[in-house]
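Engineer: Task: produce atomic coordinates for the following.
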Amino acid sequence: LYRMVRIIAGTLLMVGMGFAPAETVLTALAADAGSDGGRCGGGGGGGHCPKTEMRMRGIVGPVLPPEGLCLEHIEYDRE
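Structural biologist: The predicted structure follows:
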């Protein structure tokens, strides 16, 4: 969880600016589960690729600075 929100926000920023495809977000979220779509661990798929390595390879966006990041609203379905 360390810096996770800042990494996700940086990745979303890169996708929103058109510098990365939308699938990048799914790749970043699946990284800790060991599902990387073959982008790390020798290309065979299913290898573990930590987020630090993903940042070095340019797969996820930058870690945004903590200033200005705040949770303003959460909405849940009541079902």
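Engineer: Against residue 25, how distant is the closest residue to residue 3 other than its chain neighbours?
Structural biologist: Distances taken as CB to CB, 6 or more residues apart in numbering put residue 63 closest to residue 3, at 5.4 Å, once the chain neighbours are dropped. C-beta: built from backbone N, CA, C; applies to glycine. Between residue 63 and residue 25 the computed distance is 15 Å (CB to CB, to the nearest Å).
Engineer: Likewise for residue 73?
Structural biologist: Remark: distance between residue 73 and residue 25 (CB to CB) = 20 Å.
Engineer: which one of those two has more residues nearby?
Structural biologist: The neighbour comparison of residue 73 against residue 25 (other CB atoms under 10 Å) goes to residue 25, with 17 against 4.
Engineer: Low-confidence bits of the protein, can you list those?
Structural biologist: Filtered on pLDDT under 70, the chain yields the residue ranges 1, 31-57.
Engineer: Which stretches in it count as helices?
Structural biologist: Counting by DSSP state H, the chain has helices at residues 4-16, 23-30, 51-56.
Engineer: Mind putting those helices into CSV with distance to residue 67?
Structural biologist: Formatted as CSV, the helices of the chain follow (distance: least, CB to CB, whole Å):
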stretch, distance to residue 67
helix 4-16, 11
helix 23-30, 22
helix 51-56, 20
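Engineer: Relative to residue 79, which of these is closest?
Structural biologist: Closest to residue 79 of the helices of the chain is helix 23-30 (CB to CB; 23.6 Å).
Engineer: Tell me the buried residues in that closest one?
Structural biologist: Going by neighbour count (16 or more other CB atoms under 10 Å), the buried part of helix 23-30 is 24-25, 27-28.
Engineer: Farthest pair within those residues?
Structural biologist: 25 and 27 (7.3 Å).
Engineer: tell me the contacts of the closest residue to residue 9 other than its chain neighbours?
Structural biologist: The shortest distance from residue 9 to any non-neighbouring residue, by CB to CB, 6+ apart, is to residue 64 (4.9 Å). By CB atoms under 8 Å, 6 or more residues apart in numbering, the contact list for residue 64 reads 6, 9-10, 13.
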